[in-house]
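Q: the sequence and its predicted three-dimensional model are supplied below.
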Amino acid sequence: MTDQPTQRCQTAVDDGLQLGQRFGVKGTPTIVLPDGEMGEGYVPADQLIQAVSSAN
């Protein structure tokens with residue numbers, strides 16, 4: 001019997017969740033800036049652009 005698409009998707013979701021937990025991600029959305037700083041949760045676009053620009 002072959003995997004059903006929903007089974008493959010669930011496996012990908014589970015793998016992503018485990019990876020996030022290994023890296024200490026506790027919420028979504030999460031972004032890791034170039035300097036390694038991690039931000040979680042909603043951020044307005046202008047603040048996100050400013051954070052990314054200043055992290056370089």
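A: Looks like it came in fine.
Q: can you tell me how far residue 34 is from residue 22?
A: Between residue 34 and residue 22 the distance is 21 Å, computed by CB to CB, to the nearest Å. Bear in mind the C-beta positions are built from the backbone N, C-alpha and C, glycine included.
Q: ok, residue 11 next?
A: From residue 11 across to residue 22, the span is 17 Å (CB to CB).
Q: can you check residue 51 too?
A: As it turns out, when the distance is counted by CB to CB, residue 51 lies 24 Å from residue 22.
Q: packing partners of the biggest helix by length in the chain?
A: Taking residue count as the measure and DSSP state H as the definition, the longest helix of the chain comes out as helix 5-22. If you count contacts as 3 or more CB pairs under 8 Å, 6 or more residues apart in numbering; DSSP states H and E, helix 5-22 packs onto no helix or strand.
Q: need the contact partners of the helix or strand following that helix.
A: Helices and strands here follow DSSP states H and E; after helix 5-22, the next one along the chain is strand 30-32. Residues from elsewhere that reach strand 30-32, judged by CB atoms under 8 Å, 6 or more residues apart in numbering: 20, 38, 39, 40, 48.
Q: closest to residue 28 out of those?
A: The shortest distance between residue 28 and any of the contacts of strand 30-32, using CB to CB, involves residue 40 and amounts to 7.5 Å.
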